[in-house]
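Participant: have a look; sequence and predicted model below, questions after that.
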Amino acid sequence: MGLFSFFTKEKKQALDEGLEKTRTSIFSKLSKVLLGKSTVDEEVLDELEMTLIAADVGVETTSKIISAIEARVAADKYLSTSELDKILRDEVGKLLAAGPSGLAQGFELPAGVQPYVIMVVGVNGVGKTTTIGKLASQFHAQGKKVVLGAADTFRAAAVQQLVTWGQRAGVPVIEMGQNADPASVAFQAVQKGTEMGADVVIVDTAGRLHNKINLMNELAKIKRVMQKVTPAAPHEVLLVLDGSTGQNALNQAREFSKATEITSLAITKLDGTAKGGVVIAVSDQLQVPVRFIGVGEKIDDLQVFDRAEFADSLFKMSGREA
């Protein structure tokens, strides 16, 4: 079993509820076209294309999905509308398959790597610090030793917020206050984690995109100083995105990928938005695995991403199970 428990009934329900607005948005529009039709024809595909784009799946990724369905129609000669939700699940599942994002047992810390260093990046307001706090809480609840590094020193509020999360989770936070050198904070966090035999060190970083060169230089420096303690650090660069911003999240992901190497994604605030399709767009366009998704405010609402469960929940026709 992975570090975070696999899909329980409660987690599945939370996922279904979190994606309700996106699912309703997709199928409420599509159902009007499907009414009275028995086969998937050009009109259905046109409406599906517009609906997916409206759900922030994106033009390029939507084109891939439509092309795949057209190929299925051509090969089978007949595709019933009742099969459409299952086909959508299959094709979206394939698009989300890049990288280790679909590991059925969740995210496991690699054996023999201690501490495992995660550098977290993302613009202000996306839920970056909250995501770190929730991760720390879940790691700690599983008996793992965790150290947090408050290297987002540009905003005093970010440092204090992480300290508060550390106190709540019962894990130490290395902080040097506002305007401290972020690289120095990161160095001390990794050093402290090494000294205490921590399993994981999570380092918060500043989320400024207005000056990409400065951001690139800062992240590069943070990496260099951490490597003085642990040569392979960071083992993971986790980009946090706000799913409710739709295509803007994809644009942020592209900008951050220019500033540093992104190895995984966490997409927050999927509950209460009809733009959940951005998860598919970001994963497909960047070819970076989604590791976590946020579908609520509670600590357990930060879930390990499972592509099959996500596709099943998002493209499940309202009112029936496929």
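Facilitator: Everything's here; your move.

Participant: from here on, contacts and neighbour counts on C-alpha atoms
Facilitator: Will do.

Participant: and the helices in the protein?
Facilitator: For the chain, the helices defined by DSSP state H cover 9-18, 20-34, 42-54, 59-76, 84-95, 128-141, 156-169, 182-195, 212-226, 247-259, 278-286, 307-314.

Participant: of the ones you listed, which approaches Thr268 most closely?
Facilitator: Nearest to Thr268 among the helices of the chain is helix 128-141; the distance by CA to CA comes to 8.0 Å.

Participant: thinking again about what came up before, and the helices of the chain as JSON lines, adding distance to Met119, mean neighbour count and mean pLDDT?
Facilitator: JSON lines is the format used below for the helices of the chain (distance: least, CA to CA, whole Å; neighbours: other CA atoms under 10 Å; pLDDT from 0 to 100):
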{"stretch": "helix 9-18", "distance to Met119": "26", "mean neighbour count": "17", "mean pLDDT": "79"}
{"stretch": "helix 20-34", "distance to Met119": "30", "mean neighbour count": "19", "mean pLDDT": "79"}
{"stretch": "helix 42-54", "distance to Met119": "32", "mean neighbour count": "17", "mean pLDDT": "89"}
{"stretch": "helix 59-76", "distance to Met119": "28", "mean neighbour count": "15", "mean pLDDT": "89"}
{"stretch": "helix 84-95", "distance to Met119": "26", "mean neighbour count": "19", "mean pLDDT": "84"}
{"stretch": "helix 128-141", "distance to Met119": "10", "mean neighbour count": "22", "mean pLDDT": "93"}
{"stretch": "helix 156-169", "distance to Met119": "14", "mean neighbour count": "18", "mean pLDDT": "92"}
{"stretch": "helix 182-195", "distance to Met119": "9", "mean neighbour count": "23", "mean pLDDT": "97"}
{"stretch": "helix 212-226", "distance to Met119": "9", "mean neighbour count": "17", "mean pLDDT": "88"}
{"stretch": "helix 247-259", "distance to Met119": "13", "mean neighbour count": "18", "mean pLDDT": "87"}
{"stretch": "helix 278-286", "distance to Met119": "18", "mean neighbour count": "23", "mean pLDDT": "89"}
{"stretch": "helix 307-314", "distance to Met119": "23", "mean neighbour count": "21", "mean pLDDT": "84"}
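
Participant: right, and Ile222 touches Pro182 too?
Facilitator: Yes: contact status for Ile222 versus Pro182: in contact at 6.9 Å, counting by CA atoms under 8 Å.

Participant: tell me the bridge partners for the nearest residue in space to Val173 that is not next to it in sequence.
Facilitator: Nearest residue to Val173, sequence neighbours excluded (CA to CA, 6 or more residues apart in numbering): Leu148, at 4.6 Å. The bridge-partner assignment for Leu148, based on DSSP bridges, gives Val173, Ile202.

Participant: quick one, grab the pLDDT at Leu148.
Facilitator: Per-residue confidence (pLDDT) for Leu148: 98.

Participant: next one: the spatially closest residue to Gln227 that is not a sequence neighbour relative to Phe139, how far apart?
Facilitator: Of all residues not flanking Gln227 in the chain, Ala233 sits nearest, at 5.4 Å (CA to CA, 6+ apart). Distance, Ala233 to Phe139, using CA to CA, to the nearest Å: 19 Å.

Participant: from Arg307, how far out is the residue nearest to Gln227?
Facilitator: Using CA to CA, Ala233 is found at 28 Å from Arg307.

Participant: cool, and Val237?
Facilitator: In this structure, Val237 lies at 20 Å from Arg307, with CA to CA as the measure.

Participant: distance check, Glu42 against Glu49.
Facilitator: Taking CA to CA as the measure, Glu42 falls 10 Å from Glu49.

Participant: do the same with Val73
Facilitator: Using CA to CA, one gets 15 Å for the distance from Val73 to Glu49.

Participant: circling back: compare the helices of the chain and give me the one nearest Val120.
Facilitator: Val120 lies closest, by CA to CA, to one member of the helices of the chain: helix 128-141, at 7.4 Å.

Participant: ok and that closest one relative to helix 156-169, angle-wise?
Facilitator: Angular relation of helix 128-141 and helix 156-169 on a 0 to 180 degree scale: 20 degrees, by axes from the mean of the first three to the mean of the last three CA atoms, to 10 degrees.

Participant: picking that back up, hey, what's in contact with both of Glu42 and Glu49?
Facilitator: By the contact definition CA atoms under 8 Å, 6 or more residues apart in numbering, Glu42 and Glu49 are jointly contacted by no residue.

Participant: perfect, I'm done here.
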